[in-house]
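Participant: need coordinates for the below:
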Amino acid sequence: MTHSAAPVGGPRIARAVAALGLTFALAALGIAQPPERGKNGEPDAPPPPPAATPTGPTLNLGECIAVGLERNPTIKAAIHSLNAAQAGRQALGNMPRYAEFLKKELPIRRQQADRGLVIAEADVRKARQDITYDVTRLYYTYVYASQQEKTAGDVIEQMEVFYKVAEEIWKTGIRDPKIKVDQFTLYNLRNRITDVKMLQVKAEVGRKQALDALKEAMGVDETFQFAPRDTELPLMAGTVAKEDVIQRALAGRPEIAQAAAGVDAFRLEVCAQAKARGLQVPTLAAGSDLHARQVPLAVRTDTEYRPGAIAPEMPMGMVGRTEDRVARAWELSHRQGAVYEKAVNLIRLEAAYAFQTWEATTRRRDEARRRFEDARKMVVESRAVAATRQDPELLFNNEALAGKAQAEYVESVLEHLKALAALERVTAGGVVPAFPGR
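Facilitator: Model prediction:
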């Protein structure tokens, strides 16, 4: 039997109550049943709400990532930097042979330029990995907010139907001791409806903000009209070991390649200063801005601790006798070794954190699933009790608890997806989740 949310007259309500008892109103409070478990014991995806008609075409996750990798300005900037590094290396190679008689360190500068190419290529890889992570995270954040917004709308519609039934019972003067409806019942129901409406507004704002952020990550403007194709969050299975995550991160992260190339370039500076003649000799920093790349700063507060990286240090030029310049370059090359060591330690720590977060979100998702199943059982039992006692508030409160449990379950699925995306990023693609549509 279906029920309309349109206003109904008092006599009609009275007849419905007389014929069906309070169960007519209670039926309007039903929420989605808990998802069934899959073949491997994994829960199926949370029940999707009715899909809204999007503006423009729909794109799946893989299509959104493809657009981002092609159009995001960060990747374009990294590619142009790589092209500039290649042009600089070619310029050194095109110098006439007699230039080496004037600049004895020129062959070493070419080797340093080769290390610069390694660093620039790693920047492109890092930009691509970051964009893939950003698009994935924002794509599923949009799906989550859209799903919660639609679910809240359905709940509000159901609750409004029940409120009208209870209100008509009170207005028509039906005073059956078995039916526990009074003005305080109406206050309570209206207050609950307002709570859900506030959550709906929050979800609506979150959906719009997620779409705007997704467009930015994809490198498209606001005139690019589209909507993510998925209407529900997927349930992801699979396992991975902590040491495997750490080893893949250390083997594949472009930051490690950049730090290693930096060590080589700084050590070559010692040789360059030894070969150069003059009292003032430019360094590798004269051909590139070592401080252009932002280095994550350490955060140490009462509530947060985050270690920071070490920035490279090299002056634009060195002055003095050859042995003095070599001594200074030697110390700076050793300092760059510490920069590399710190980078390795930070990558290892980040990988460990990412694994622990993924592990925790997996457990939280499973616990949220069980809580939702228990809440649904409680609702089924309370419906029978409420129908006997004619007590709408009993069922209403239990339905509210079940709705909250469902919302927490869907949120836990989102957190698990974000943790999986983070695993892919910190391992530089060493761990590749099989997200639908990739």
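
Participant: what about the helices in the protein?
Facilitator: 10-20, 23-27, 61-71, 73-93, 99-102, 106-171, 183-218, 242-252, 254-275, 322-389, 392-426 (DSSP state H).

Participant: the ones you listed into JSON lines, with extra columns for mean pLDDT and mean neighbour count?
Facilitator: The C-beta positions use only the backbone N, C-alpha and C, and glycine is treated the same way. Listed next are the helices of the chain as JSON lines, based on pLDDT from 0 to 100; neighbours: other Cβ atoms under 10 Å:
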{"stretch": "helix 10-20", "mean pLDDT": "35", "mean neighbour count": "14"}
{"stretch": "helix 23-27", "mean pLDDT": "37", "mean neighbour count": "20"}
{"stretch": "helix 61-71", "mean pLDDT": "97", "mean neighbour count": "18"}
{"stretch": "helix 73-93", "mean pLDDT": "95", "mean neighbour count": "15"}
{"stretch": "helix 99-102", "mean pLDDT": "86", "mean neighbour count": "10"}
{"stretch": "helix 106-171", "mean pLDDT": "91", "mean neighbour count": "21"}
{"stretch": "helix 183-218", "mean pLDDT": "90", "mean neighbour count": "16"}
{"stretch": "helix 242-252", "mean pLDDT": "96", "mean neighbour count": "17"}
{"stretch": "helix 254-275", "mean pLDDT": "95", "mean neighbour count": "21"}
{"stretch": "helix 322-389", "mean pLDDT": "90", "mean neighbour count": "17"}
{"stretch": "helix 392-426", "mean pLDDT": "85", "mean neighbour count": "21"}
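
Participant: next, format the ones you listed as a markdown table and append distance to Arg438.
Facilitator: Converted to a markdown table, those look like this (distance: least, Cβ to Cβ, whole Å):
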| stretch | distance to Arg438 |
| --- | --- |
| helix 10-20 | 50 |
| helix 23-27 | 41 |
| helix 61-71 | 5 |
| helix 73-93 | 18 |
| helix 99-102 | 50 |
| helix 106-171 | 9 |
| helix 183-218 | 15 |
| helix 242-252 | 18 |
| helix 254-275 | 21 |
| helix 322-389 | 18 |
| helix 392-426 | 10 |
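
Participant: out of those helices, nearest to Gly437?
Facilitator: helix 61-71 (4.3 Å; Cβ to Cβ).

Participant: list the helices and strands the closest one packs on?
Facilitator: Identification of packing neighbours for helix 61-71 by 3 or more Cβ pairs under 8 Å, 6 or more residues apart in numbering; DSSP states H and E yields helix 106-171, helix 183-218.

Participant: would you format those as a markdown table with distance to Glu313 included?
Facilitator: Compiled in a markdown table, these are given as follows (distance: least, Cβ to Cβ, whole Å):
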| stretch | distance to Glu313 |
| --- | --- |
| helix 106-171 | 16 |
| helix 183-218 | 33 |
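
Participant: that older thread, how about the helices of the chain, which one is nearest Ala286?
Facilitator: Among the helices of the chain, helix 106-171 comes nearest to Ala286, with 9.8 Å by Cβ to Cβ.

Participant: quick check: angle from the closest one to helix 183-218?
Facilitator: Orientation of helix 106-171 against helix 183-218 (axes from the mean of the first three to the mean of the last three Cα atoms, to 10 degrees) gives an angle of 160 degrees.

Participant: for the residue positioned nearest the centre of the chain, give its distance to Val143.
Facilitator: What sits nearest the mean C-alpha location of the chain, by Cα atoms, centre = their mean, is Arg137, with 3.1 Å. For Arg137, the distance to Val143 (Cβ to Cβ, to the nearest Å) stands at 11 Å.

Participant: and what of Ala99?
Facilitator: 59 Å.

Participant: ditto for Val426
Facilitator: Applying Cβ to Cβ, the value for Val426 to Val143 is 23 Å.

Participant: what's Lys238 sitting at in phi/psi?
Facilitator: Quick fix: residue 238 is Gly, not Lys. According to degrees, to the nearest 10, the main-chain angles of Gly238 amount to phi 110, psi 160.

Participant: right, and it touches Pro433 too?
Facilitator: Yes - using Cβ atoms under 8 Å, Gly238 makes contact with Pro433 at a distance of 7.4 Å.
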